[in-house]
Structures are given as structure tokens and as C-alpha cells.
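**Student:** predicted model and sequence below, questions to follow.
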Amino acid sequence: QNDPALESVSLVIFDEYHERSLDADLSFALCRHSQLLFDELRETPLRLLLMSATLDNEGLKAALPDMPWLISEGRQFPVTVHYEQKSSDPSRHQSCDLDLVHSRVLAALTQHDGNILVFLPGQAEIRKLQSALEASLDDPHIQCRPLYGALKMEAQQAAIQAPPAGQRKVVLATDIAETSLTIEGIHCVIDTGVAKKPVFVARTGLSRLDLQAIPRSAADQRAGRAGRLGPGVAYRLWTEEQHQRRARHRKPDILSSDLSGPLLQCIAFGCDDPFELPWVEPPPQAAIEQAFDLLLQLGFIVKGADSSQLTDKGQAALKLP
């Protein structure tokens, strides 16, 4: 916002772009807009780099046909993936069976060496499972560590760092451990296959957290955590048939989120028609119209003869997350 031409920048890297967050898609659209407007005036062109181990190659190639591709296979130890033989939950995507997770963790502690990473949908499930495991484990050499975004940094570091010599660790994590963090010494992953995601409800104008099945690409990311130091094993607590029916890639947030925040950013950028921006995937028309109405009701913008402008209140809101 302070430097639309990005005059002192030669390269912008969008890492883990497969997550398709609102901020990533909006920032990428604004950077491409800057390319179109200012590259002829720059001494060197602005370069943009999208990175991920599990990009939606087909979708991005369709949206960005002129973008060159660089592929690096990397080095990954083999990970043996195990599925449930039958579904323990007929509703499949609507709950997290903590009893099943509990039994799989106890079994993995006896069957495998090293540390274990367990993916759970949220903080409440982590705390419940932590209490159950601590009541079941009578071995002082096994630590049980939670890991989620709201934890204090000291607690996060305790989960991330390798345990002292002679001890093992079970890390109970949300999808923050999927790509954002590297946890030392993990050889076994137990994946519930669900995550809590914000979904915008047009009828109420608010977002709510929904429990959703993760896509196959996210499951691949999670399983890969077991193969960073040596051969590993991953247990997926759903059947292989259910896995094949899951979406291949994550649905972009822009298709199911409240867009009042991104729209406020667009107007501050000088673009009150967000459909003028070169999106990878354009936002839904109805969601943009609702976002305009909300920003007007809040007094964050005013409509002029030719364009919308931010009010003082809107300028103040722009500084808030």
C-alpha cells in the first residue's frame, strides 16, 4: 500500500501457495497489477515466484499460461502410508474420533521408535487427547506436547525442539504443523484427516468454523513430515476409498470467505472495482456486493461520483488485522 510500484523490490516469493489463503491471493493479484502498470517504468522487471510442494499445477497453468515452471524433485525418504480398513464414523467428515486416535497413538508408541506427530482439528481436541494420553501413559520418558497457533512461544518451542536424550515425544498439533513449522525427530504421523476452517455464511454476514475433510494434497504434506530424517510411517484414520473421493487440492479461501477485508485493501490501493485485478481466481460477485454494503454500513468507505474512497474510520480499520 505504501509503495504500489515496489520500486526497491526485484522479486516477491509466495511460499506454500497451495494453501490459497486470502492474503496470498490478494497480494499476488496486487503484485501482478503492479507489474502491468509499472514494469515499463522500472529498470528491471518485477518477478513473482509461487512455491509449494503440492501446487495445483493444472489450475495454475490454466490461469497463468505464460508463467514458466521450475520443478525440483527434492530429497524425501520413503513413507509407508496405512489406512483404516473400515470407516469408524459413518458421517466421515463431521467428527473427530478421539478414542480411535488415542488407541492409534498408544499402538504406535509400542510399534515404532522415535517421535510421533498427531494432526488434530483444533485446540479443544488437542487438550482432550492430551489429558487422555497423560492418564494412560505411565512412562516418564514420553512427553506429550500440544502445538497450535495461540500457544505462547515457549510452549511452541517445547513442541518443536527435539526431546532430551533418552526421551520420546508425542506432538499433538493443528494444521500449523502441516507446512508452517518443522518439528525435529518425527518418524511417525497419525492424521485425523480433518481441520477447522472459517466459512462465510452470507445469511448472517459472519464467518464460522466448520470441521472439514482435508484434501489429498494436504494429506500428502502431513505424511511427508514422517520422511524428513529417514524412512517413516503415516497412519490415516480414514479408508483408502474415502481418500480417493476427497478433493485433490484445497479450495481457495476467496470462494468461501468474508471479502470485506480484501475489498477494503483494494479500495485503499486505488482499485474500487476488484474485478479489474488479475486474480488467479476471481472473487464471487455476490460476496463482493455484500462486502461493499458492509463497508458502507460500517462507515469505512463513501461512494463518490466515480469511485469509492476510504473514510478516516476506514483508514484506521486498514491498520487492524
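**Tutor:** Thanks, I have the structure now.

**Student:** what about stretch 234-251, start to end distance?
**Tutor:** The stretch stretch 234-251 measures 24 Å between its terminal residues, going by Cα to Cα, to the nearest Å.

**Student:** and what of stretch 220-239?
**Tutor:** Where stretch 220-239 begins and where it ends lie 15 Å apart, using Cα to Cα.

**Student:** switch to numbering from 569
**Tutor:** That works, and once the first residue is 569, the last one we named lands at stretch 788-807.

**Student:** and the gap between the closest residue in space to P820 that isn't next to it in sequence and L609?
**Tutor:** The shortest distance from P820 to any non-neighbouring residue, by Cβ to Cβ, 6 or more residues apart in numbering, is to R588 (3.9 Å). (Glycine included, C-beta is placed from N, CA and C.) Taking Cβ to Cβ, to the nearest Å as the criterion, R588 is separated from L609 by 31 Å.

**Student:** which of the two has more neighbours?
**Tutor:** Between R588 and L609, counted using other Cβ atoms under 10 Å, R588 has the larger neighbour count: 21 against 8.

**Student:** nearest residue to A621 other than its sequence neighbours?
**Tutor:** With Cβ to Cβ, 6+ apart as the measure, Q789 is the residue that lies nearest to A621, at 6.7 Å, once sequence neighbours are left out.

**Student:** which stretch of helix or strand covers that neighbour?
**Tutor:** Using DSSP states H and E, Q789 falls within helix 784-792.

**Student:** touching stretch 860-880 from outside, list them.
**Tutor:** Contacts of stretch 860-880 with the rest of the structure, by Cβ atoms under 8 Å, 6 or more residues apart in numbering, involve G773, S828, L831, L832, I835, A836, D840, K881, G882, A885, L886.

**Student:** nearest to V739 among the residues you listed?
**Tutor:** For V739, the closest of these turns out to be S828, at 35.8 Å, with distances computed as Cβ to Cβ.

**Student:** tell me the phi and psi of that closest one?
**Tutor:** phi -70, psi -40 (degrees, to the nearest 10).

**Student:** could you check the pLDDT of it?
**Tutor:** The confidence metric pLDDT takes the value 93 at S828.

**Student:** now for it, how many residues are close by?
**Tutor:** By the other Cβ under 10 Å criterion, the neighbourhood of S828 contains 21 residues.

**Student:** equivalent analysis for T678, please.
**Tutor:** 6.

**Student:** ok but it is inside a helix, no?
**Tutor:** Yes: looking at T678 with DSSP: H, G, I helix; E, B strand; the rest coil, it is inside a helix.
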